[in-house]
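Engineer: Got a sequence here, can you model it:
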Amino acid sequence: FYCGTGWRGSEAFYNAWLMGWPRVSVFDGGWFEWSNDPDNPYETGIPKQ
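Structural biologist: Below you'll find the predicted structure:
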């Protein structure tokens, strides 16, 4: 799971863990951390149909 800064992703992770999902993880830095690293890939613009 992920979100903008990490806290909502953590909530989703915790609830999935409580439900017994065997393989869950969270990117705790969120989109904020990911997008601030120029070496990380991401796409911009309108998605292609």
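
Engineer: all helices of this protein, in order?
Structural biologist: 7-18, 30-35 (DSSP state H).

Engineer: Where among the ones you listed is average confidence lowest?
Structural biologist: Note on the helices of the chain: lowest mean pLDDT is at helix 30-35, with a mean of 85.

Engineer: Please enumerate residues in contact with that helix?
Structural biologist: If you take Cβ atoms under 8 Å, 6 or more residues apart in numbering as the criterion, helix 30-35 is touched by 2, 3, 4, 5, 6, 7, 9, 27, 40, 42. Just so you know, the C-beta spots here come from the backbone N, C-alpha and C atoms, and that holds for glycine as well.

Engineer: Nearest to residue 20 among those?
Structural biologist: residue 9 (18.8 Å; Cβ to Cβ).

Engineer: The closest one contacts residue 2, doesn't it?
Structural biologist: Yes - assessed by Cβ atoms under 8 Å, residue 9 is found in contact with residue 2 at 4.7 Å.

Engineer: Between these two, which contacts overlap?
Structural biologist: 26, 27, 30.

Engineer: I'd like to know which of those are buried.
Structural biologist: Using 16 or more other Cβ atoms under 10 Å as the burial test, these include 26, 30 as buried.

Engineer: residues contacting the residue lying closest to residue 29 once chain neighbours are set aside?
Structural biologist: Take residue 29 and drop its neighbours on the chain: the residue closest to it by Cβ to Cβ, 6 or more residues apart in numbering is residue 6, 5.9 Å away. With contact set as Cβ under 8 Å, 6+ apart, residue 6 has these partners: 26, 27, 28, 29, 30, 32, 33.
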